[in-house]
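Asks: Pasting the sequence and the predicted coordinates here, then a few questions.
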Amino acid sequence: MTTRPVADTAAVRQLIYVVEDDEAVARLVVRALEEFGYPVEWFHDGSSVLRRLQTERPDLCVVDLGLPDLDGIELIRQVGALTNCGILILTGRGHTIDRVMGLELGGDDYVVKPFEPRELVARVRSILRRRGSAGQAGTTNQRRYASFIGWTLDCAANSLRAPDGAEHVLGTAETQVLRAFVERPHQILTREQLLGQRDLSPMDRSIDVRISRIRRKIEADPQNPKIIKTVYGAGYMFTAAVAWS
Ligand code: CA
């Protein structure tokens with residue numbers, strides 16, 4: 001048995017939303033954060049992230065102040081009203097007043113464009129660390145139990161409770177994959193994203209093995225899966241709504 005690196009696992013589980021309409025900048029940010037093991041979701045505009053916040057709360061939002069549909073300052077205010085997640089502001093040089101407003105309205109820190117991706121990751125980690133230690137002092141916002149259509153995944157105990165109450169103990173590898181799914185439902189996830197690895201060999205079938213094991217547990221008909229769907233040529237998608245507690 002291998003020992004699980006607890007600190008790293010905790011970092012991996014901190015979900016980050018990136019709200020940025022400039023695709024090149026967004027790619028840079030998403031890639032840098034994913035390289036550090038953070039699950040990331042990207043939103044092109046303010047209204048799509050506000051919709052997403054109705055169903056899932058991230059640990060941190062990276063918010064560009066110049067969005068096409070909504071003033072970034074207004075978005076920060078609304079995000080702050082919906083969740084207590086961390087907020088990192090992305091801003092252009094010279095937008096000092098917006099930056100100050102953003103910080104006053106609940107932003108934790110800011111990064112001025114153009115920026116080094118490593119600098120952005122360092123700011124993100126520092127915000128999460130500060131908020132994490134505040135959380136341990138009492139206002140914790142842990143994401144341990146993920147429930148979907150009667151099933152509950154206990155991410156801390158690697159166990160899965162069936163709708164009938166039966167407990168299944170999962171292997172670490174299966175838990176990792178199921179966790180990746182429940183953190184990003186309704187999205188196509190590549191094999192690399194599910195395994196948390198880069199540059200996976202096309203011959204590597206370990207993901208298929210893990211997914212068929214999970215399907216045998218949760219699908220009514222594993223040959224005709226409804227919860228974890230295969231998206232040919234792209235990856236897999238978890239189709240059930242997920243609630244965290
Ligand atoms: Ca922009």
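Replies: Looks like it came in fine. Numbers count the residues shown, from 1 in each chain.
Asks: Pairing partners for the nearest residue to Leu189 once chain neighbours are set aside in the sheet, please.
Replies: Distance criterion Cβ to Cβ, 6 or more residues apart in numbering; nearest residue to Leu189, sequence neighbours excluded, is Gly235 at 5.1 Å. Bear in mind the C-beta positions are built from the backbone N, C-alpha and C, glycine included. Beta-bridge pairing for Gly235 (DSSP bridges): Val231.
Asks: residues touching Gly235, list them.
Replies: 188-191, 193-194 (Cβ atoms under 8 Å, 6 or more residues apart in numbering).
Asks: helices and strands around the longest helix out of those in the chain, which ones?
Replies: The residue-count maximum for a helix in the chain (DSSP state H) belongs to helix 117-134. Helices and strands touching helix 117-134, by 3 or more Cβ pairs under 8 Å, 6 or more residues apart in numbering; DSSP states H and E, are helix 6-12, helix 23-35, strand 60-64, strand 86-92, strand 109-113.
Asks: so where do the helices sit in the chain?
Replies: Using DSSP H, helices in the chain cover 6-12, 23-35, 46-53, 72-82, 96-104, 117-134, 172-183, 191-195, 206-218.
Asks: just to revisit the earlier point, out of the helices and strands packed on helix 117-134, which gets the lowest mean score?
Replies: Sorting these by mean pLDDT places helix 6-12 lowest, at a mean of 43.
Asks: In contact with the residue in the chain positioned nearest to the ion, which residues?
Replies: Closest contact between the chain and the ion, by Cβ to the ion, is at Gly66 (3.7 Å). When the contact criterion is Cβ under 8 Å, 6+ apart, the partners of Gly66 are 21, 72, 91-92.
Asks: Next: Arg31.
Replies: Pro117.
Asks: and it, how far is that from Val18?
Replies: Taking Cβ to Cβ, to the nearest Å as the measure, Arg31 falls 11 Å from Val18.
Asks: most remote residue from the protein's center?
Replies: What lies farthest from the middle of the chain is Gly94; by Cα atoms, centre = their mean that is 30.9 Å.
Asks: The ion contacts on the chain?
Replies: Residues of the chain lying near the ion by Cβ under 5 Å from the ion: 21-22, 64, 66.
Asks: just the buried members of those?
Replies: Asp64 (16 or more other Cβ atoms under 10 Å).
Asks: quick one: low-confidence ranges for the protein?
Replies: 1-13, 133-142, 197-200 (pLDDT under 70).
Asks: can you list the domain ranges for it.
Replies: 11-137, 142-244 (automatic domain parsing).
Asks: Restrict stretch 171-181 to CA atoms and write it as PDB.
Replies: Extracted as PDB, the C-alpha positions of stretch 171-181 are listed here (Å, rounded to 0.1, in the frame of the first residue of the first chain):
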ATOM      1  CA  GLY A 171      -9.800   1.700  -4.300                       C
ATOM      2  CA  THR A 172      -7.800   4.900  -4.200                       C
ATOM      3  CA  ALA A 173      -7.600   4.900  -8.100                       C
ATOM      4  CA  GLU A 174     -11.300   4.500  -8.400                       C
ATOM      5  CA  THR A 175     -12.000   7.200  -5.900                       C
ATOM      6  CA  GLN A 176      -9.700   9.600  -7.800                       C
ATOM      7  CA  VAL A 177     -11.600   9.100 -11.000                       C
ATOM      8  CA  LEU A 178     -15.000   9.300  -9.400                       C
ATOM      9  CA  ARG A 179     -13.900  12.400  -7.500                       C
ATOM     10  CA  ALA A 180     -12.800  14.100 -10.800                       C
ATOM     11  CA  PHE A 181     -16.200  13.400 -12.200                       C
END
